[in-house]
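Novice: Mind folding the following:
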Amino acid sequence: MRQFLRGPKAKQADRGNLHTTVAFSVTRYFDNIADAEQYILLHAATIPGGGTVKFTSTSGTNFYMTDSVVSTTESKQTGRTTLHSYSIVGGVISLNNIS
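Specialist: The predicted model follows:
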């Protein structure tokens, strides 16, 4: 955004820096509370550092989001059930894997 000092309006500049955010939650059920506790405590260490994310639609079509990172995660446990929420930020989603 550009705006001159005391200018009448700001101008938006398209720099081509498009990004996409995808957020979702996953529920997991475990056989016992100990397994749920272990999973929720160790899970964050297993999340990849970044790269291309492949999404598959219900119709079987593949979509790709390049230069992606998991920007936030949140985990909760209730008994033998864990709930994990993720927010992934990356480039524009495409039908082609251009990584």
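Novice: residues making contact with stretch 70-85?
Specialist: Judged by Cβ atoms under 8 Å, 6 or more residues apart in numbering, the contacts made with stretch 70-85 from elsewhere in the structure are 21, 23-33, 35-37, 39-40, 43-44, 47-48, 50, 86-89. For glycine as for every other residue, the C-beta is placed from the backbone atoms N, C-alpha and C.
Novice: what's the span of that stretch, first residue to last?
Specialist: Length of stretch 70-85, first residue to last, Cα to Cα, to the nearest Å: 10 Å.
Novice: Could I get the average pLDDT for that stretch?
Specialist: The predicted model assigns stretch 70-85 a mean pLDDT of 94.
Novice: Please indicate which of the contacts of stretch 70-85 are buried?
Specialist: Applying a neighbour-count criterion of 16 or more other Cβ atoms under 10 Å, the buried members of those are 28, 30, 36, 39, 40, 86, 88, 89.
Novice: Let me know the closest of those residues to residue 63.
Specialist: Proximity of the buried ones among the contacts of stretch 70-85 to residue 63 was ranked by Cβ to Cβ; the top entry is residue 88 with 12.3 Å.
Novice: That closest one and residue 47 touch, don't they?
Specialist: No. With contacts defined as Cβ atoms under 8 Å, residue 88 does not count as touching residue 47, sitting 10.1 Å away.
Novice: show me what contacts residue 52?
Specialist: 64, 65, 66, 67, 68, 97, 99.
Novice: Skipping adjacent residues, who's closest to residue 90 in space?
Specialist: In space, residue 90 comes closest to residue 68 once its chain neighbours are excluded; the distance is 3.0 Å by Cβ to Cβ, 6 or more residues apart in numbering.
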